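Asker: sequence first, predicted coordinates after that:
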Amino acid sequence: MELKDIKNNLPGPLYEALQKEGITKLRPSQKKSIDNGLLEGKSLLVCTPTASGKTLIAEMAALKSILNNQGKAIYIVPLKALATEKFKEFQRKYGHLVRVALSIGDLDSSDPYLSEYDLIICTSEKLDSLIRHHTPWLSRVSTVIIDEIHLMNDPSRGPTLEVLITILKQLLKNLQIIGLSATIGNPEELASWLYASLVVDSWRPVKLHQGVYLDGEIDFS
């Protein structure tokens, strides 16, 4: 699928920003996501290999929601370092279009300044804290992206993430959830729990080869 094929489905400024990034063709997982209602506000669980284009799927959902005045977007990541990395990336690519914020600090603060921002990158622990502080701007959120959603199975982070998603689904009735992962053992079950369409694809930019290393040589036979 060519990017120009969905030009009429994207806000003009977003389409121009993607072109500026050199994006002209969409990868298989991106096409499948669009076919499953990504740009119509449908929730999706995207299970595809690393570097297959999952982040762009999330970006299109978040930016369309914001630029069409449908609501704020939250991008949840598991680690503070990853949150900082995403913040820098999104600020560079979309800072001229939307207000991007990073919220990973004090867990005992409601961070009222975030009401002025459109795209908020945070950890699940920070968002859990914001909910517990009854942050008023949360009612204006329309899209939530959950990166590495398979960590729901993690003994330390999993329970917080599961409760967080449950609360968000209760608080925000028309919420679009985009779950991203390269490895999920039970994708159908998780998609059903999220009330999301499942997008699965095996395409990757670099083909993997399996071999055995012995005495300085690799046998790929």
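Answerer: Noted; the coordinates are in hand.
Asker: where exactly do the helices run in this structure?
Answerer: Along the chain, counting by DSSP state H, helices occupy 12-20, 28-35, 54-67, 80-94, 124-132, 158-171, 187-194.
Asker: spatially central residue in this protein, please.
Answerer: In the chain, the residue lying closest to the centroid (C-alpha atoms, centre = their mean) is residue 145, at 3.4 Å.
Asker: residue contacts, the residue lying closest to residue 162 once chain neighbours are set aside?
Answerer: Using C-beta to C-beta, 6 or more residues apart in numbering and skipping the chain neighbours, the partner closest in space to residue 162 is residue 152 (5.3 Å). Just so you know, the C-beta spots here come from the backbone N, C-alpha and C atoms, and that holds for glycine as well. By C-beta atoms under 8 Å, 6 or more residues apart in numbering, the contact list for residue 152 reads 158, 161, 162, 165, 190.
Asker: measure the nearest residue to the residue nearest to the centre of the chain once chain neighbours are set aside to residue 13 for me?
Answerer: Residue nearest to residue 145 in three dimensions, not counting chain neighbours: residue 58, with 4.2 Å by C-beta to C-beta, 6+ apart. With distances taken as C-beta to C-beta, to the nearest Å, residue 58 is found 18 Å from residue 13.
Asker: pick out whichever of these two has more residues nearby.
Answerer: Per other C-beta atoms under 10 Å, whichever of residue 58 and residue 13 has more neighbours is residue 58, with 25 against 14.
Asker: surely that one and residue 146 touch.
Answerer: No. Judged on C-beta atoms under 8 Å, residue 58 makes no contact with residue 146 at a distance of 9.1 Å.
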